[in-house]
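>>> sequence and predicted model, in that order:
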Amino acid sequence: MKKNHPVLTAGTRILIVRLSAIGDVLHATTVVHNLRRSEPNCHITWLVSPPAAGLLANNPDIDELLIWDRRELDRAFAQKDLRAIARSLRKARALLRAHTFDIALDIQGLFLSGLLTRLSGAPRRIGIHERHEGNFLFMTELAPNITASHKIHRYMTALAPLGISPDSFQPGLVLPISADQRSWAQGFWQAKDIETGNPQHPLLLVNTRTTWPDKNWPAENFGRCLRGIDPKIQIVFTGAPSDMPYIAKAQQSLSRPSLSIAGQTTLMELAALFAEADLLLTGDTGPLYIAEAVGLTTLSLWGPTHPDIYGPLTAGHHFILSPHSCTACCKTKCRHHTNACMQAIEPALVTERINRLLS
């Protein structure tokens, strides 16, 4: 691998490859923000996949957004359709080769992201130290490995070969909310008879599901913990359309008025609604990082993952870590097949924390 390249200079054309997921894409906005701070006159292009692409559309640190839908490739792999795989990759190559890049930064560390970085034609390709096999084959350089465990710290190492120290970065996710989006959010809440900005009736948003089944707290536990909160607190459930059955279970256990807006918004609309709320209760999932990016206080529940690796780095965020012995295994499937770590979080503890935060 090549070494001793010159540091970043004005006019350098840089490609960022971070396709998904919501939380990881928002984490990577910290990298781009610090890249822009270090060299305001570089040209930054980001290759991303829906639905996370919507979160980058108004990012002031990005000059150009390239949207390639990796879901087409994923379906082709699932169906073992070699022609569809080749067709999807040709689309990606054509999209990338319509541009010229001096440097490509792979902030994902997958075999696929490495391949896309190579297809970009960038002569200098910098990867991060991750445990995914094969990514290094596409890189001309690897960022230095570090002992820090948090994902943002590890993503920031990609800037070290450009002369930007990971130790001097400015934390914070970037997700601007426009005046029009804020106005829309205020109208949305008014139409739902939800008050905002009233400390006597704080607005609690509740996200019940994550993308990993074993990171999910039981729906009934959400209902049980919310029964005991101050009756002045307004409760609104958020989520995707697929979350609706779980929200219904939580509402049945709750036995008090609440509202569900699951499936009614885009990601950016959800971000605008978050900006008007007082607290988000959630697991380790994308909405947690949307909340961090717009300045909404959060209370998050952690089992198989750990906030020291994935949690918000900025102030105003509170964590409840499972007391179970095998917490933070970072496995997508529970080895005991019981989801024991999330089950071990007591609803009464969550109730107490909500009441304290919204008192």
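Yep, it's here. Numbering: from 1, shown residues only.
>>> below-threshold pLDDT in the chain: ranges please.
1-7, 131 (pLDDT under 70).
>>> if we use 90, what do you get?
1-10, 129-134, 147-149, 165-172, 211-213, 255-256, 324-340, 359 (pLDDT under 90).
>>> so what are the domain limits for it?
When the chain is parsed into structural domains using automatic domain parsing, the resulting residue ranges are 13-168, 179-358.
>>> assign Arg83 to helix, strand or coil.
Using DSSP: H, G, I helix; E, B strand; the rest coil as the criterion, the local structure at Arg83 reads helix.
>>> that one: neighbouring residues, count only.
Arg83: 8 surrounding residues under other C-beta atoms under 10 Å. The way it works is simple: take the backbone N, C-alpha and C, and place the C-beta from them, glycine included.
>>> kindly report the same for Pro176.
Residue crowding around Pro176 was assessed by other C-beta under 10 Å; the count is 14.
>>> hey, where'd the strands end up in the stretch 251-359 of the chain?
With DSSP state E, counting those that start in this stretch as the criterion, the stretch 251-359 of the chain has strands at 259-260, 279-283, 298-302, 317-321.
>>> for those, give me CSV that also has distance to His132 and mean neighbour count.
Shown next, in CSV, are those (distance: least, C-beta to C-beta, whole Å; neighbours: other C-beta atoms under 10 Å):
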stretch, distance to His132, mean neighbour count
strand 259-260, 37, 16
strand 279-283, 24, 24
strand 298-302, 23, 24
strand 317-321, 26, 17
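>>> among those, which comes closest to Asn221?
Ranking the strands of the stretch 251-359 of the chain by distance to Asn221, with C-beta to C-beta as the measure, places strand 298-302 first at 9.1 Å.
>>> partners of that closest one in the sheet?
Strand 298-302 pairs in its sheet with strand 279-283 (parallel), strand 317-321 (parallel), by DSSP bridges.
>>> could those be laid out in JSON lines, adding distance to Thr332?
Shown next, in JSON lines, are the strands paired with strand 298-302 (distance: least, C-beta to C-beta, whole Å):
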{"stretch": "strand 279-283", "distance to Thr332": "14"}
{"stretch": "strand 317-321", "distance to Thr332": "19"}
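>>> what about those, which gets the closest to Asp61?
Minimum separation from Asp61 across the strands paired with strand 298-302 (C-beta to C-beta) falls at strand 317-321, 22.4 Å.
>>> now the helices for this structure?
Taking DSSP state H, the helices of the chain run over residues 22-38, 70-78, 82-97, 111-119, 151-156, 179-191, 219-227, 244-254, 267-274, 286-294, 307-310, 340-343, 347-358.
>>> pick the most deeply packed of the ones you listed.
Taking mean count of other C-beta atoms under 10 Å as the contact definition, the stretch among these with the greatest mean neighbour count is helix 286-294, which reaches a mean of 26.
>>> and that helix, what does it pack onto?
helix 22-38, helix 267-274, strand 279-283, strand 298-302 (3 or more C-beta pairs under 8 Å, 6 or more residues apart in numbering; DSSP states H and E).
>>> for Asp102, find the nearest of those.
Closest approach to Asp102 among the helices and strands packed on helix 286-294 (C-beta to C-beta): helix 22-38, 13.1 Å.
>>> just checking, what packs against that closest one?
Secondary structure elements in contact with helix 22-38, counted by 3+ C-beta pairs under 8 Å, 6+ apart, are strand 13-17, strand 43-48, helix 151-156, helix 286-294.
>>> got the CA positions of that helix in PDB?
Extracted in PDB, the C-alpha atoms of helix 22-38 (Å, rounded to 0.1, in the frame of the first residue of the first chain):
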ATOM      1  CA  ILE A  22     -29.500   5.500   9.000                       C
ATOM      2  CA  GLY A  23     -27.400   5.700  12.200                       C
ATOM      3  CA  ASP A  24     -24.100   4.900  10.500                       C
ATOM      4  CA  VAL A  25     -24.700   7.400   7.700                       C
ATOM      5  CA  LEU A  26     -25.400  10.100  10.300                       C
ATOM      6  CA  HIS A  27     -22.300   9.000  12.200                       C
ATOM      7  CA  ALA A  28     -20.300   9.500   9.000                       C
ATOM      8  CA  THR A  29     -21.600  13.100   8.700                       C
ATOM      9  CA  THR A  30     -19.100  13.900  11.500                       C
ATOM     10  CA  VAL A  31     -16.300  12.800   9.200                       C
ATOM     11  CA  VAL A  32     -17.400  15.000   6.400                       C
ATOM     12  CA  HIS A  33     -18.000  18.000   8.700                       C
ATOM     13  CA  ASN A  34     -14.500  17.800  10.000                       C
ATOM     14  CA  LEU A  35     -13.100  17.200   6.500                       C
ATOM     15  CA  ARG A  36     -14.900  20.400   5.400                       C
ATOM     16  CA  ARG A  37     -13.600  22.300   8.500                       C
ATOM     17  CA  SER A  38     -10.000  21.300   7.600                       C
END
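>>> got the angle for it vs helix 286-294?
Between helix 22-38 and helix 286-294, the angle formed by their directions is 30 degrees, by axes from the mean of the first three to the mean of the last three C-alpha atoms, to 10 degrees.
>>> any chance of CSV for the strands of the stretch 251-359 of the chain, columns distance to Pro347?
Putting the strands of the stretch 251-359 of the chain into CSV (distance: least, C-beta to C-beta, whole Å) gives the following:
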stretch, distance to Pro347
strand 259-260, 19
strand 279-283, 11
strand 298-302, 10
strand 317-321, 11
